[in-house]
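Asks: with the input below, show me the fold.
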Amino acid sequence: MENLHQKTVQQLQNRLKELELANKDLTERRYKGDSTVRELKAKLSSAEDECQRMKQEVLSLRRENTTLDAECHEKEKQVNQLQMRVAVLEQEIKDKDQLVARTKEVLEATQEQKANLEENAEKKQFQIGKLETSLKALSTEFLKANEIIKKLQGDVKTLMSKLKLKNTVTVQQENLLAEKEEKLQKEQ
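Replies: Numbering: from 1, shown residues only. Now for the predicted structure:
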């Protein structure tokens with residue numbers, strides 16, 4: 001009877017030790033679980049902050065793209081206007097060249113005439129001088145317009161490059177944002 005009692009006591013002591021070990025293990029797991037939960041909450045909060053920041057950045061990039069689109073459109077409009085002006089100037093120069101050529105032909109013919117035509121020849125010479133001065137002025141304006149067009153075309157090219165880069169960055173940010181949101185949904 002005593003042996004049975006001792007055996008029972010021994011079994012109970014062994015069971016107590018097992019339960020104490022199990023309790024210790026569960027307590028450690030609980031602490032680790034609590035720590036993991038805190039870490040995950042901190043990561044989630046950080047990820048949500050990052051997600052919000054990236055949303056703001058995407059909105060900013062979209063606004064900037066809209067501004068660049070408007071600037072690009074305005075530059076193209078200016079280029080078109082200047083190209084039309086250049087076309088008009090080119091026609092004027094062509095007309096002046098033709099007029100100068102005709103006037104020179106008349107002058108050459110009048111130089112063969114008698115002295116009583118010299119006065120008329122002097123008038124023609126004066127007219128040629130005025131036309132050549134006008135032609136030089138038009139040529140100068142034409143060159144200036146060409147320089148402005150080249151500059152504006154360079155500006156348009158630069159703006160298009162910036163727009164392309166901004167669009168690429170926006171797409172990358174939106175993709176990254178979608179991945180983060182998907183990851184956040186999975187973690188929740």
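Asks: is it true that E141 touches E90?
Replies: No - counting by CB atoms under 8 Å, E141 stays clear of E90, with 10.9 Å between them. In this view, the C-beta of every residue, glycine as well, is placed from N, C-alpha and C.
Asks: any idea how far the most centrally placed residue in the chain is from H73?
Replies: Residue closest to the average C-alpha location in the chain (CA atoms, centre = their mean): L163, at 2.4 Å. L163 sits at a distance of 11 Å from H73 (criterion: CB to CB, to the nearest Å).
Asks: need the overlap of contacts for the two.
Replies: Contact criterion CB atoms under 8 Å, 6 or more residues apart in numbering; no residue bridges L163 and H73 by contacting each.
Asks: assign I149 to helix, strand or coil.
Replies: Look at I149: counting by DSSP: H, G, I helix; E, B strand; the rest coil, its state is helix.
Asks: helix or strand: which one has M160?
Replies: helix 118-187 (DSSP states H and E).
Asks: quick one: that helix to chain centroid distance?
Replies: 16 Å (CA atoms, centre = their mean, to the nearest Å).
Asks: same question for stretch 13-23.
Replies: In terms of CA atoms, centre = their mean, the centre of stretch 13-23 is found 69 Å from the chain centre.
Asks: with just CA atoms, put it into PDB.
Replies: Only the C-alpha atoms of stretch 13-23 are listed here, as PDB (Å, rounded to 0.1, in the frame of the first residue of the first chain):
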ATOM      1  CA  GLN A  13       5.500  14.800  -9.200                       C
ATOM      2  CA  ASN A  14       6.600  13.800 -12.600                       C
ATOM      3  CA  ARG A  15       3.300  15.100 -14.100                       C
ATOM      4  CA  LEU A  16       3.800  18.300 -12.100                       C
ATOM      5  CA  LYS A  17       7.200  18.800 -13.600                       C
ATOM      6  CA  GLU A  18       5.900  18.100 -17.100                       C
ATOM      7  CA  LEU A  19       3.100  20.600 -16.600                       C
ATOM      8  CA  GLU A  20       5.500  23.200 -15.200                       C
ATOM      9  CA  LEU A  21       7.800  22.800 -18.200                       C
ATOM     10  CA  ALA A  22       4.800  23.000 -20.500                       C
ATOM     11  CA  ASN A  23       3.600  26.100 -18.700                       C
END
